[in-house]
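Colleague: Turn this into a model:
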Amino acid sequence: MQDSTHTTNYKEFLDLYKNPLFIMYRRALLFLLYRVGMKSFLRFFIGMEFCENKSLRNEKQYIIVANHNSHVDTMAILSSLPTKSLPYVHPVAAGDYFGKTSITSLLIKIIVNVKLINRKNGGRETIESMDRMLKRGRSIIIYPEGSRGTPGVMQDLKKGVAILLKNNPHIPYVPIYLDGLDKVMPKGDGLPVPYTSKVTIGEARRIERNDDIDSILEKIQNDLVSLK
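Modeller: This is a model prediction of the structure:
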């Protein structure tokens, strides 16, 4: 009986998620939260500079690839997105870290629009889950280094993002370089602090069909480094 009730509640939630009125209100909420509130906070209190271009506005769908040193990274990227795109762009995050309870999992899905993945299931299932999202027309935010590493140091990129691009060559990737965010909220700290930092958005790029995994990773790494 409990399983049936849980399934019904979940289906009702999915139906609500697809409701046009809910989508409209949620888009307004995300606009106020990120484009107004969060972006103003990061710009005027933290001292973050946003170097944007038209890549995110001109492309209907994309894979955002960025370096990763801080929990502020995702907030900064979401604050850079066009309002119309906010409901359809999903940061990819570890479910065992950010979804430890059903309440936090639900809240982070609604407010941050995150796609939680189970790292225990292995890389193949994780890639397949992200690939399904792309096939549904959604965009995703990936940190191809895999996790927050040494502050200010680029790690080797994991091959997952290259596999996704290989499977979906029509979808461009947009490189975003995050500079100084490791000082805004260092690993282990719970609150952000003012620090001169920058979000630089690069041009949207598409891979060539004959590109192999290594060459795709090299292109992404070079694009990220060039934005420093």
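Colleague: And the strands in the protein, which stretches?
Modeller: Along the chain, counting by DSSP state E, strands occupy 48-51, 63-66, 89-94, 115-117, 139-142, 173-179, 197-201.
Colleague: in terms of contact, does Pro91 touch Lys115 like I think?
Modeller: Yes - if you go by C-beta atoms under 8 Å, Pro91 and Lys115 touch, sitting 7.1 Å apart. C-beta here means a position set from N, CA and C on the backbone, and glycine is covered the same way.
Colleague: Please enumerate the shared neighbours of the two.
Modeller: Between them, Pro91 and Lys115 share the neighbouring residues Ile140, with contact defined by C-beta atoms under 8 Å, 6 or more residues apart in numbering.
Colleague: Pick out whichever of those two has more residues nearby.
Modeller: Under the criterion of other C-beta atoms under 10 Å, the comparison of Pro91 against Lys115 puts Pro91 first, with 22 against 18.
Colleague: Quick check: chain neighbours aside, which residue is closest to the more buried one?
Modeller: Computed as C-beta to C-beta, 6 or more residues apart in numbering, the closest residue to Pro91 that is not its neighbour in sequence is Ile141, at 4.2 Å.
Colleague: what's near enough to touch the one you found?
Modeller: For Ile141, the contacting residues are 64, 66, 74, 77, 89-92, by C-beta under 8 Å, 6+ apart.
Colleague: how about a markdown table for the residues you listed, with pLDDT and distance to Ser55 added?
Modeller: A markdown table is the format used below for those (pLDDT from 0 to 100; distance: C-beta to C-beta, whole Å):
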| residue | pLDDT | distance to Ser55 |
| --- | --- | --- |
| Ile64 | 97 | 10 |
| Ala66 | 96 | 13 |
| Thr74 | 93 | 18 |
| Ile77 | 96 | 13 |
| Val89 | 94 | 13 |
| His90 | 94 | 18 |
| Pro91 | 92 | 18 |
| Val92 | 88 | 19 |
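Colleague: Out of these, which two sit at the greatest distance?
Modeller: Based on C-beta to C-beta, the longest span within the contacts of Ile141 runs between Ala66 and His90 and measures 14.0 Å.
Colleague: Which one's more surrounded, these two?
Modeller: Neighbours of Ala66 and His90, each counted by other C-beta under 10 Å, are more numerous for Ala66; the result is 27 against 21.
Colleague: what's the least confident stretch among the strands of the chain?
Modeller: Confidence, taken as mean pLDDT, is least for strand 115-117 of the strands of the chain (a mean of 78).
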